[in-house]
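*Asks:* following is a predicted model, sequence given first.
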Amino acid sequence: MTWPTLRSLAPTLVLVITLLAGLGVTVARGDVVGAVLTVLVVGLTGVVQSFSRRHLRGDPRAGRFLALSTAFAGASVVTVTASTLVVLAAGWSAASILMALLLATGGAPQTAVAVRRAGVAFAVGDLALWAAVALVAASLGTTGFADLADLGPTAGTAVGALIGLAAVARAAAMPFHGWLPATVSSTTPVSALLHAGFVNAGAVLLLRADAIPSLGAPLVVGVAGALTVVLAGAAMLTRADVKGRLVQSTAAQMGFMLLACSLGAFAVALVHVVGHALFKASLFLGAGSAVERAASGRAAPRANRDPRMPLLAALAVIAVAVTAVIGTAAWTSPSAVLLLFVVTTAAVAAAHLAGGALSAGGRLAGVALVGAAVVTYVFAVADLGDILGLAPAAAAMPPALAIATFVVGLGVAFLPRARGALADRAYVFALGWGRPPLPTPSPVPAGSTGPREYRSAS
């Protein structure tokens with residue numbers, strides 16, 4: 001076997017070793033959550049690397065991306081399989097450094113802005129996490145997750161707030177929302193790789209630290225998550241570019257994840273982490289053809305479509321959700337309030353699919369998949385926590401926070417249909433809030449060759 005062949009296979013071989021090592025550690029410990037997230041991180045990284053071999057073919061940065069993404073997967077696996085807070089922090093910080101280096105592979109002038117914004121957010125979050133590690137070690141003499149329950153009221157509040165701050169910074173939630181929109185200037189593989197246990201790693205951190213007997217972490221992530229759901233959701237409605245909409249959608253969904261963690265609904269948060277990672281990574285990898293798909297969809301004939309079908313599809317999904325809730329007694333769970341978001345979103349998605357340009361079979365299959373997703377969420381609310389062995393959180397925010405977020409978010413969703421000064425001001429605010437860094441003149445000569453996304457408009 002030649003050296004070039006070995007070098008091309010090296011990232012895959014290292015990923016396989018990383019996967020086996022992570023699964024070995026988690027299976028021996030009976031850590032189902034760690035095992036699932038290990039498979040997610042390594043599997044998604046492998047898919048992104050496969051895409052990047054074609055996407056970055058002939059680009060001098062391709063080898064660097066493969067090496068950095070492989071190391072990033074290793075750091076993320078350390079994070080999700082850690083048994084102590086100090087080991088988790090080590091993997092967390094290594095992943096932060098590697099992600100900043102991955103963002104820098106974009107090459108466009110705007111990339112420097114992305115790296116600077118992300119670096120500041122990562123530094124603040126990582127310093128907060130290491131401060132929590134130091135405080136736990138000084139208070140308890142150990143950093144085991146189970147030992148966090150022995151923290152006193154003052155130390156517990158401080159540690160919880162610091163851990164919450166680290167989770168908020170990583171999830172690009174308020175007030176660290178500026179770094180994620182800037183990442184659209186990097187390459188498509190990096191945008192997809194953000195979902196492989198990085199931007200959503202806050203759920204893992206909060207789950208591992210849920211034994212802290214303090215409202216410090218739930219309060220910080222609950223408020224930040226609620227604000228981010230509303231503001232990022234509004235910003236998404238103003239974005240005309242494909243990746244810009246995906247980024248704001250990611251921010252809003254990470255806000256929902258933090259909100260779920262603040263309620264102690266870790267099973268729901270984990271289902272959201274896995275589902276969102278797979279779905280959003282695939283959308284980023286397919287962003288290059290999104291415009292063509294949208295144009296063909298608009299051009300598709302819509303004759304013989306029953307105008308009642310969207311309403312019937314939405315009602316069918318709601319009926320499935322109600323049946324699942326009754327069958328599992330999910331309404332007795334404190335996290336059942338999150339189903340307000342899930343069922344409403346699913347009903348809207350089903351209505352959109354039923355009125356779309358797909359064939360009759362495609363529309364039916366799409367609505368059925370949406371219904372299955374709702375049932376999965378209901379199951380997560382009712383029973384998944386017990387199956388995964390997730391203990392109830394030591395402290396959690398009241399359901400009223402989620403209800404208030406839902407009501408405000410619903411009002412924001414109707415703003416695009418409104419008219420008047422208030423709607424205009426809200427639109428301008430949301431547009432500015434979600435705007436990525438403005439382009440700068442490109443130093444690349446006009447006749448240069450190379451991937452178009454590395455060249456900004458002059």
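*Replies:* Arrived safely.
*Asks:* which of the helices and strands in this structure ranks last by mean pLDDT?
*Replies:* Lowest mean confidence among the helices and strands of the chain (mean pLDDT, DSSP states H and E): helix 290-299, at a mean of 55.
*Asks:* buried stuff in the next helix or strand after it?
*Replies:* Moving toward the C-terminus from helix 290-299, the next helix or strand (DSSP states H and E) is helix 309-328. For helix 309-328, the neighbour count (16 or more other Cβ atoms under 10 Å) marks 309-310, 313-314, 316-318, 320-321, 324-325, 328 as buried. Glycine gets a C-beta too; all of them are placed from N, C-alpha and C.
*Asks:* stretch 392-403 too?
*Replies:* Within stretch 392-403, the residues that count as buried by 16+ other Cβ under 10 Å are 393-397, 399, 401-402.
*Asks:* helices - which of those residues land there?
*Replies:* Using DSSP state H, the subset of the buried residues of stretch 392-403 located in helices is 401-402.
*Asks:* want to throw the buried residues of stretch 392-403 into JSON lines with distance to Asp386 and pLDDT?
*Replies:* As requested, the buried residues of stretch 392-403 are exported to JSON lines (distance: Cβ to Cβ, whole Å; pLDDT from 0 to 100):
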{"residue": "Ala393", "distance to Asp386": "14", "pLDDT": "82"}
{"residue": "Ala394", "distance to Asp386": "17", "pLDDT": "78"}
{"residue": "Ala395", "distance to Asp386": "20", "pLDDT": "81"}
{"residue": "Ala396", "distance to Asp386": "17", "pLDDT": "85"}
{"residue": "Met397", "distance to Asp386": "21", "pLDDT": "90"}
{"residue": "Pro399", "distance to Asp386": "20", "pLDDT": "91"}
{"residue": "Leu401", "distance to Asp386": "24", "pLDDT": "93"}
{"residue": "Ala402", "distance to Asp386": "21", "pLDDT": "92"}
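*Asks:* and the buried residues of stretch 392-403, which two are furthest apart?
*Replies:* Checked with Cβ to Cβ, the buried residues of stretch 392-403 reach their widest spread between Ala394 and Ala402, with 19.0 Å between them.
*Asks:* out of the buried residues of helix 309-328, which comes closest to Arg29?
*Replies:* Using Cβ to Cβ, the buried residues of helix 309-328 come closest to Arg29 at Thr328, 28.8 Å.
*Asks:* what sits against the closest one?
*Replies:* 378-379, 381-383 (Cβ atoms under 8 Å, 6 or more residues apart in numbering).
*Asks:* of those residues, grab the buried ones for PyMOL.
*Replies:* Buried residues among those (16+ other Cβ under 10 Å), as a PyMOL selection:
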select buried, resi 378+379+381+382
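*Asks:* Ala166: which of the contacts of Thr328 is nearest?
*Replies:* Nearest to Ala166 out of these is Val381 (Cβ to Cβ; 26.3 Å).
*Asks:* can I assume that closest one sits in a helix?
*Replies:* Yes - counting by DSSP: H, G, I helix; E, B strand; the rest coil, Val381 falls inside a helix.
*Asks:* ok, now how distant is it from Thr250?
*Replies:* As judged by Cβ to Cβ, to the nearest Å, Val381 and Thr250 stand 23 Å apart.
*Asks:* go on, Met174?
*Replies:* According to Cβ to Cβ, Met174 stands 14 Å off from Thr250.
*Asks:* where does pLDDT dip in this protein?
*Replies:* 1-8, 58, 106-109, 287-306, 357, 416, 434, 436-458 (pLDDT under 70).
*Asks:* closest to the centroid, which residue in it?
*Replies:* For the chain, the residue nearest the mean C-alpha position is Asn200 (4.3 Å; Cα atoms, centre = their mean).
*Asks:* columns distance to Thr228 on top of the buried residues of helix 309-328, output as JSON lines?
*Replies:* Below are these laid out as JSON lines (distance: Cβ to Cβ, whole Å):
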{"residue": "Met309", "distance to Thr228": "34"}
{"residue": "Pro310", "distance to Thr228": "29"}
{"residue": "Ala313", "distance to Thr228": "29"}
{"residue": "Ala314", "distance to Thr228": "26"}
{"residue": "Ala316", "distance to Thr228": "31"}
{"residue": "Val317", "distance to Thr228": "26"}
{"residue": "Ile318", "distance to Thr228": "26"}
{"residue": "Val320", "distance to Thr228": "29"}
{"residue": "Ala321", "distance to Thr228": "25"}
{"residue": "Ala324", "distance to Thr228": "28"}
{"residue": "Val325", "distance to Thr228": "27"}
{"residue": "Thr328", "distance to Thr228": "29"}
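*Asks:* now stretch 138-157: buried residues?
*Replies:* Within stretch 138-157, the residues scored as buried using 16+ other Cβ under 10 Å are 139-140, 143, 145, 147-148, 150-151, 155-157.
*Asks:* how about it as CSV, C-alpha atoms only?
*Replies:* This file holds the C-alpha atoms of stretch 138-157, laid out as CSV (Å, rounded to 0.1, in the frame of the first residue of the first chain):
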residue,chain,number,x,y,z
ALA,A,138,-11.4,23.3,46.1
SER,A,139,-14.8,22.6,47.7
LEU,A,140,-14.9,18.8,47.4
GLY,A,141,-11.4,17.7,46.6
THR,A,142,-12.9,15.7,43.6
THR,A,143,-14.6,16.5,40.4
GLY,A,144,-16.8,13.4,40.0
PHE,A,145,-20.3,14.2,38.6
ALA,A,146,-22.1,12.3,41.4
ASP,A,147,-20.1,14.3,44.0
LEU,A,148,-21.5,17.6,42.8
ALA,A,149,-24.6,16.9,44.9
ASP,A,150,-22.4,17.6,48.0
LEU,A,151,-21.8,21.2,47.1
GLY,A,152,-23.0,23.8,49.6
PRO,A,153,-25.6,26.4,48.7
THR,A,154,-23.1,29.2,47.9
ALA,A,155,-20.6,27.0,46.0
GLY,A,156,-23.5,25.2,44.2
THR,A,157,-25.0,28.4,43.0
